[in-house]
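[1] show me the folded form of this:
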Amino acid sequence: QVQLVESGGGLVQAGGSLRLSCAASGRTFSTSIMGWFRQAPGKEREFVAAINWSGGSTHYTDSVKGRFTISRDNAKNTVYLQMDSLKPEDTAVYYCAIRRNVGFRTELYEYDYWGQGTQVTVSS
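    Numbers count the residues shown, from 1 in each chain. Purely as a prediction, here's the structure:
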């Protein structure tokens, strides 16, 4: 079993920054893809970013390109999401997830384990 715990969410003004962390424990997979998703009120959960095991390859949804950066520290079993130039439309609960299989995917069902989420609120 794998447990994922997100942290780092909070309230920030538009234009500000936050750094989210996701610590994985249990039977983690060194070859896994780790990803971030978000769900705004009244909307479906959507893909934000993902990173491969080595950290050498990343994938972002268009709306966050150039503003968000995903990274990982395998020694700590932790993935990060640095969020800069935040906008009110970034307000959502952010979830991290693990995909055991190789290859980037953006669909929720392609990911095997999920955290409980952390709230990010961006005020205008």
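[2] residue 109 and residue 67: what is the separation?
    27 Å (CB to CB, to the nearest Å). The C-beta positions use only the backbone N, C-alpha and C, and glycine is treated the same way.
[3] so the spatially most central residue of the chain is in which element?
    Centroid check for the chain by CA atoms, centre = their mean gives residue 36 as the closest residue, at 2.1 Å. Element membership for residue 36 (DSSP states H and E) is strand 33-39.
[4] mind giving me the packing neighbours of that strand?
    strand 18-26, strand 46-51, strand 68-73, strand 78-83, strand 92-99 (3 or more CB pairs under 8 Å, 6 or more residues apart in numbering; DSSP states H and E).
[5] only C-alpha atoms, please: export that strand in CSV.
    Extracted in CSV, the C-alpha atoms of strand 33-39 (Å, rounded to 0.1, in the frame of the first residue of the first chain):
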residue,chain,number,x,y,z
ILE,A,33,5.2,8.8,-12.7
MET,A,34,4.2,11.3,-10.0
GLY,A,35,1.6,13.8,-10.8
TRP,A,36,-0.4,16.8,-9.5
PHE,A,37,-4.1,17.3,-10.2
ARG,A,38,-6.5,19.9,-9.0
GLN,A,39,-10.2,20.3,-8.5
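[6] hang on, the earlier thing: more neighbours, residue 109 and residue 67?
    residue 67 (15 against 6; other CB atoms under 10 Å).
[7] list the strands paired with the strand holding residue 36, with their directions.
    strand 46-51 (antiparallel), strand 92-99 (antiparallel) (DSSP bridges).
[8] would JSON lines of these with mean neighbour count and distance to residue 120 be doable?
    Converted to JSON lines, the strands paired with strand 33-39 look like this (neighbours: other CB atoms under 10 Å; distance: least, CB to CB, whole Å):
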{"stretch": "strand 46-51", "mean neighbour count": "22", "distance to residue 120": "11"}
{"stretch": "strand 92-99", "mean neighbour count": "22", "distance to residue 120": "5"}
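[9] the ones you listed: which one's closest to residue 77?
    strand 92-99 (10.1 Å; CB to CB).
[10] how far out from the middle of the chain is the closest one?
    Its chain's C-alpha centre and that of strand 92-99 lie 5 Å apart, by CA atoms, centre = their mean, to the nearest Å.
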